[in-house]
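> Model the structure of this input:
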Amino acid sequence: MKKRFIPLLILAIGIAGFVLLKATRPEPETASARERSWLVEVMTVEPGTHTPVLPLYGQLMAPEQVTIVAPLAGRIGSRPVREGQRVAEGELLVALDEADVRPLVAQAEADVKDLQAQLASEQVRHANDREALEGEKAILSNAKRQFERTQSLVSRNLSSQEDLEAASDALARARLTVTARQRAVDEHPSRLQSLDARLARAQAALAAARRDAGRATVTAPFDGIVTDIQVAEGDRISQNARLLSFYPDQGLELRARVPDVFRQELLDALDAGEELQAETENGQHRFVLSRFAGTSDPAGTEAILVLSGEAGGLRPGGLLPVTLERPPRQDAIAIPYSALYGSDSVYRMTNGSRMQRVTVKRLGEARGSNGERHVLVSAEGLDAGNSLITTHLPNAMTGLKVELAGGAQEAGE
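Sure thing, here's the model as predicted:
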């Protein structure tokens, strides 16, 4: 009988232990709902005067670049310079062979001397014609008297008809001689004018020959750099053939296309006498906005910026990115791009650690002291001292609870 109650006893002990453990167990804590907060970083709003910048990409040009062409056909006698060489003012660049230049000048000089001799000969001829005209007029007068005497004698039958005809012929010849001589005297001014014109043309040709002879030897008109060499010493070239180019190492210009939305603002600044500067990415070179091109197209208008300082390694034709300073803007706020939502919204942190959406107006881009890019904005809803959230949250919305990342770290510590 005792063995039959042992299982029942064990079962009773187990039930009693379970009841005891259940009665002595600790009460679980009551779970309460807690709102999640997001860690963010903030910056203090400090409105002030900032200079927005405009990134540009332009091409370097040398507006004072000179292209040397051959004034005459001939052979290159000397070309001591090489591509990219820097030369000083007055140094020889290229020269034609003197054997090709001297004969042209000598021929022009000979033409002038020939016409001067013809003019002198015309003066002598005119003097002789005038003197001869007086003698021939006297002969004509004698011929007239002789004709009249013979005519009188014939009328009285004292002379033959043949004598009258001979006297008439002599009178006619005398008249023709006087007429021809008189024409030669009268034509003297026109002949003189023609010779004067031919002499003037020859003198102009001589001046042109001497000018071209002077241009046949080309020296550097200023300190600069040689480029685009087309010939070598000994080459035969034709007139007006390109020889080389030469540009000053000062006064390089950068031509960059500016969107039309910024053009009027920059033009107003130039008219007001403001100096707007542009700087390369490495800060090695600076340019000053000088003017705008006279024409435009749908992509914008070319701004012309003049290099300030030494050219260094810059060369015409190169492409160069620069950052142009725009006119300063007052009451502007420089914020990082991470604080911007869309194109016109930011969030500030309220006193209750909540996000509040604020609509802003973009004014442009600015560069921080460390070179970091910022966006300039203005907003009536942002006041000095406000905490602007700079952490970009994908679920950002007004009323979202946030807490400072620095404060969370300190709490954890």
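> which strand is the longest one in this protein?
The longest strand of the chain (DSSP state E) is strand 286-297.
> Report the strands that pair with that one, each with its relative direction.
According to DSSP bridges, strand 286-297 forms sheet pairs with strand 277-280 (antiparallel), strand 300-308 (antiparallel).
> In the first one, which residues are buried?
If I follow you right, that is strand 277-280. 278, 279 (16 or more other C-beta atoms under 10 Å). For the C-beta atoms, the positions are set from N, CA and C on the backbone; glycine is no exception.
> what's it in contact with?
Contacts to strand 277-280, defined as C-beta atoms under 8 Å, 6 or more residues apart in numbering, come from residues 56, 254, 285-289, 305, 308, 320-325.
> If any of these are buried, put those into a ChimeraX selection.
Listed next is the ChimeraX selection for buried residues among these, using 16+ other C-beta under 10 Å:
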select :56,254,285,287,289,305,320,322,323,324,325
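> Can you tell me which of the contacts of strand 277-280 comes closest to residue 394?
Of all those, residue 323 has the smallest distance to residue 394: 31.0 Å, by C-beta to C-beta.
> So which elements touch the strand or helix carrying that closest one?
Here residue 323 sits within strand 319-325, counting by DSSP states H and E. The contact analysis (3 or more C-beta pairs under 8 Å, 6 or more residues apart in numbering; DSSP states H and E) places strand 319-325 against strand 53-61, strand 253-258, strand 277-280, strand 300-308.
> Downstream of it, the next helix or strand is which one?
Per DSSP H and E, strand 319-325 leads on to strand 329-335 as the next helix or strand towards the C-terminus.
> Show me what that next one packs onto, helices and strands only.
Applying 3+ C-beta pairs under 8 Å, 6+ apart, one finds that strand 329-335 makes contact with strand 48-50, strand 361-367, strand 373-378.
> hmm, try it at 10 Å
Judged by 3 or more C-beta pairs under 10 Å, 6 or more residues apart in numbering; DSSP states H and E, strand 329-335 is in contact with strand 42-44, strand 48-50, strand 361-367, strand 373-378.
> among the ones you listed, which is the most enclosed?
Counting by mean count of other C-beta atoms under 10 Å, strand 373-378 has the highest mean neighbour count of the helices and strands packed on strand 329-335, with a mean of 19.
> looking only at pLDDT, what's the mean for that strand?
Strand 373-378 shows a mean pLDDT of 88.
> Can you list the neighbours in contact with it?
With C-beta atoms under 10 Å, 6 or more residues apart in numbering as the contact definition, strand 373-378 has outside contacts at 47, 50-53, 55, 323, 326, 329-337, 339-340, 343-346, 358-368, 388.
> coming back round to it: direction included, what does the strand holding residue 323 pair up with?
strand 53-61 (antiparallel), strand 277-280 (antiparallel).
> okay if I get these as CSV plus mean pLDDT?
Formatted as CSV, the strands paired with strand 319-325 follow (pLDDT from 0 to 100):
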stretch, mean pLDDT
strand 53-61, 92
strand 277-280, 90
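> what about those, which gets the closest to residue 23?
That would be strand 53-61 among the strands paired with strand 319-325, by C-beta to C-beta, at 77.2 Å.
> Tell me which residues of the closest one come out buried.
Residues 53, 54, 56, 58, 60, 61 are the ones in strand 53-61 that count as buried (16+ other C-beta under 10 Å).
> Leaving out chain neighbours, which residue sits closest to the first one?
Using C-beta to C-beta, 6 or more residues apart in numbering and skipping residues adjacent in sequence, the residue nearest residue 53 is residue 323, 4.8 Å away.
> ditto for the fourth one
Sequence neighbours aside, residue 256 is the residue nearest to residue 58 in space, at 2.9 Å (criterion: C-beta to C-beta, 6+ apart).
> Looks like the one you found contacts residue 266 (just checking).
No: Residue 256 is beyond contact range of residue 266, at 11.5 Å (criterion: C-beta atoms under 10 Å).
> Give me the common contacts of the two.
With C-beta under 10 Å, 6+ apart as the test, residue 256 and residue 266 both reach 54, 289, 303, 324.
> so the residue nearest to residue 53 makes contact with residue 305?
No: between residue 323 and residue 305 there is no contact under C-beta under 10 Å: 11.3 Å.
> what residues are shared contacts of those two?
Residues touching both residue 323 and residue 305 (C-beta under 10 Å, 6+ apart) are 56, 277, 278.
> what pairs with the last one across the strands?
Assessed by DSSP bridges, residue 278 has beta-bridge partners residue 287, residue 324.
> That one and residue 69: what is the separation?
Using C-beta to C-beta, to the nearest Å, residue 278 is found at 35 Å from residue 69.
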